[in-house]
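[1] Return a 3D structure for these sequence lines:
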Amino acid sequence: MKKILTIVLALSVFAFSSCDDFLDKAPTNSGDASTAIQTARDAEVVMNGIMDGLLSSSYLGRNMFLYADTKGGDMTIKAQGRGSDALYVFNHHQNSGSYSGFWSTGYNLILQINNLLENIEAIEATGGDGVENFDDYKAQALTLRAMLYFDLVRIYGECYDEDKSAWGVPDITTVLDASARELRATVEQNYARIVSDLTTAEGLFTDHDARNGFVSYYANKALQARVYLYMEDYDKALAAAQEVIGGPYELYENDEWVASWSTQFGSESIFELIVLDTENDLGTGSLGGYYARAGDFGSVLGYFMASDYFLSKDGIDEKRGLGEDPTDIRWGIMTYDEISETRMGCCYKYLGGVDQPGDGKASASAVNIKVIRLSEMYLIAAEAALLKPTSDPQAAADYLNEIRKRSPGLTPATASTINLDMILNERSKELYCEGHRFFDLMRCDKSITYNDEIAQLTPPTRSKTIDRSFFRTILPISQDEINANPDIAAQQNPEY
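    Okay, the predicted model is just below:
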């Protein structure tokens with residue numbers, strides 16, 4: 001990690017000294033990261049810089065979504081060589097295709113968060129009546145650190161229920177010297193850190209209001225619901241999801257759902273990142289561009305589209321995905337792909353809709369990133385209610401039906417018909433292109449079959465059907481990282 005830590009230490013100083021580009025204001029002592037924060041206003045400026053950093057194309061600005069969407073079997077490609085198809089074919093090696101941006105971007109942001117927390121701790125240690133209240137900034141920082149570690153351990157570590165003693169990612173909670181060579185913690189240790197950060201942060205939020213563009217108390221609880229679901233602590237997952245469901249949010253009616261994608265901070269948005277027209281990686285490099293039809297959005301090549309399995313063409317698979325119901329309102333965000341004008345394989349959530357309205361900004365691709373939506377909480381509640389030690393299938397069916405009603409042609413679930421596959425299928429439909437499918441199938445120990453026939457692929461880097469025993473379902477530590485920190489070579493993921 002020596003190389004990355006050297007880079008991120010420099011970047012953190014730069015971030016603190018260049019936040020005026022984001023807010024047109026500079027923090028106190030912005031040239032020195034160790035003393036950059038003296039006031040609550042300084043902490044606010046730094047937090048704005050961190051929020052902007054989350055939108056890196058190597059993280060929530062694009063690749064985190066692509067990683068889970070393209071690997072989950074609901075998507076396919078028309079042809080290789082158009083961009084990031086290495087994700088689809090699992091062409092990952094420690095020397096190439098390692099997608100090391102997840103690691104470097106993640107630890108850059110963690111460093112900035114740790115620096116913020118250490119500065120606040122030093123100020124608070126001075127005591128006195130004049131010390132400002134930094135609790136809310138600590139709550140936001142801890143919640144974001146938990147989210148970053150959760151995403152990193154999902155990418156680089158085994159599933160929690162598979163092998164808790166397997167290597168996760170380095171657990172760093174302090175600002176380290178550039179020469180530090182941190183080693184990997186276990187998956188279990190990573191999850192303990194994640195839960196500790198989330199539960200500590202929960203009590204520090206100064207209000208329980210919804211917040212546009214920033215982490216809120218309810219975003220924290222929603223992340224808890226996600227994390228506990230992955231840990232198979234279903235009672236806690238259900239309790240957290242229920243609290244969010246009872247919060248200041250409302251599900252869209254069927255006639256509102258499609259238009260919600262051209263709306264900023266709608267009634268379902270729990271955590272939404274603001275994308276400005278001035279952001280990098282808009283246009284053909286944007287998340288919306290990667291899911292658009294070839295030639296329909298500027299010079300975009302048409303990178304990814306729905307698989308036959310998601311569209312459930314006759315003779316391909318039993319009806320599932322949107323193909324279960326031609327009246328499903330979620331077809332309204334889909335448009336035809338380059339295969340034919342009747343194959344509705346392109347998702348335009350991140351262009352605001354099929355007419356590319358965006359969400360009120362000059363660029364159609366400058367659409368805010370909806371990281372957590374209320375509908376996910378209903379789906380978590382359904383799964384947790386069904387699988388908790390004292391199963392409650394009626395409650396599970398009730399929660400599921402609140403989302404399933406978006407498919408008017410389907411019979412509602414009942415206590416006797418509901419099962420995990422039904423819930424996972426609804427997650428597939430509702431959260432399509434939102435970065436969940438691959439992780440859902442891995443944590444539930446399901447196999448994934450890929451629709452390689454469209455591109456006439458027989459990829460040498462994976463088989464047509466995989467499960468989580470396949471070593472490339474987690475990424476390698478990149479060779480550059482090993483060169484900088486030789487000690488971590490002994491902790492490389494198996495078979496790389």
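
[2] roughly how far apart are the nearest residue in space to Ser262 that is not next to it in sequence and Thr126?
    Closest residue in space to Ser262, ignoring its immediate chain neighbours: Gly352 at 3.8 Å, by C-beta to C-beta, 6 or more residues apart in numbering. (Each C-beta comes from the backbone N, C-alpha and C, glycine too.) The spacing between Gly352 and Thr126, counted by C-beta to C-beta, to the nearest Å, is 48 Å.

[3] the more surrounded of those two?
    Gly352 (25 against 8; other C-beta atoms under 10 Å).

[4] could you list every residue that touches the more buried one?
    Gly352 makes contact with Trp261, Ser262, Gly358, Asp359, Ala364, Val367, according to C-beta atoms under 8 Å, 6 or more residues apart in numbering.

[5] Also Gly302?
    Contact analysis of Gly302 by C-beta under 8 Å, 6+ apart lists Lys78, Arg82, Ala292, Arg293, Ala294, Gly295, Asp296, Asp337, Glu338, Cys346.

[6] Quick check: chain neighbours aside, which residue is closest to the fifth one?
    Read that as Ala294. Counting by C-beta to C-beta, 6+ apart, the nearest residue to Ala294 once its immediate chain neighbours are dropped is Gly302, at 2.8 Å.

[7] per-residue confidence for the one you found?
    pLDDT for Gly302: 94.

[8] now Phe470
    98.

[9] Pop out the phi and psi values for it.
    phi -70, psi 120 (degrees, to the nearest 10).

[10] who touches it in this structure?
    Contacts of Phe470 (C-beta under 8 Å, 6+ apart): Phe90, Arg462, Ser463.

[11] would JSON lines of the residues you listed with distance to Tyr156, secondary structure and neighbour count be doable?
    Formatted as JSON lines, the contacts of Phe470 follow (distance: C-beta to C-beta, whole Å; DSSP: H, G, I helix; E, B strand; the rest coil; neighbours: other C-beta atoms under 10 Å):
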{"residue": "Phe90", "distance to Tyr156": "15", "secondary structure": "coil", "neighbour count": "20"}
{"residue": "Arg462", "distance to Tyr156": "18", "secondary structure": "coil", "neighbour count": "20"}
{"residue": "Ser463", "distance to Tyr156": "22", "secondary structure": "coil", "neighbour count": "13"}
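
[12] Show me the strands in this protein, by range?
    75-76, 269-273, 305-306, 334-335, 346-347, 369-373, 448-449, 465-466 (DSSP state E).

[13] which regions of the stretch 251-400 of the chain sit below the pLDDT cut-off?
    Low-confidence segments of the stretch 251-400 of the chain, defined by pLDDT under 70: 280-281, 313-319.

[14] show me where it has helices.
    For the stretch 251-400 of the chain, the helices defined by DSSP state H, counting those that start in this stretch occupy 287-290, 308-311, 374-387, 393-404.

[15] what's the spacing between the third one and its chain's center?
    This points to helix 374-387. Centroid displacement of helix 374-387 relative to its chain, using C-alpha atoms, centre = their mean, to the nearest Å, is 17 Å.

[16] quick revisit: so which two of the contacts of Gly352 are the farthest from each other?
    Pairwise distances across the contacts of Gly352 (C-beta to C-beta) peak at 11.4 Å, for the pair Trp261 and Ala364.

[17] For the chain, give the helix that spans the most residues.
    In the chain, taking DSSP state H as the definition, the longest helix is helix 101-125.

[18] Can you list the helices and strands that that one packs against?
    Where contact means 3 or more C-beta pairs under 8 Å, 6 or more residues apart in numbering; DSSP states H and E, helix 101-125 is packed against helix 2-17, helix 40-53, helix 63-70, helix 135-156.

[19] try 10 Å
    Counting contacts by 3 or more C-beta pairs under 10 Å, 6 or more residues apart in numbering; DSSP states H and E, helix 101-125 packs against helix 2-17, helix 40-53, helix 63-70, helix 135-156, helix 479-484.

[20] Just want the angle from it to helix 40-53.
    Computed by axes from the mean of the first three to the mean of the last three C-alpha atoms, to 10 degrees, the angle separating helix 101-125 from helix 40-53 equals 170 degrees.

[21] If I take helix 101-125 and helix 135-156, what angle do their directions form?
    Interaxial angle of helix 101-125 relative to helix 135-156 (the same axes, to 10 degrees): 150 degrees.

[22] Buried residues in helix 101-125, which are they?
    Using 16 or more other C-beta atoms under 10 Å as the test for burial, helix 101-125 gives 102-120, 123.

[23] which residues sit in contact with Ile448?
    Ile448 makes contact with 71-74, 309, 437-438, 441-442, 462, 464-468, 470, 473 under the criterion C-beta atoms under 10 Å, 6 or more residues apart in numbering.

[24] Mind giving me the PyMOL select for these, buried ones only?
    The buried subset of the contacts of Ile448, as determined by 16+ other C-beta under 10 Å, is captured in PyMOL by this line:
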select buried, resi 71+72+73+74+309+437+438+441+442+462+466+468+470+473
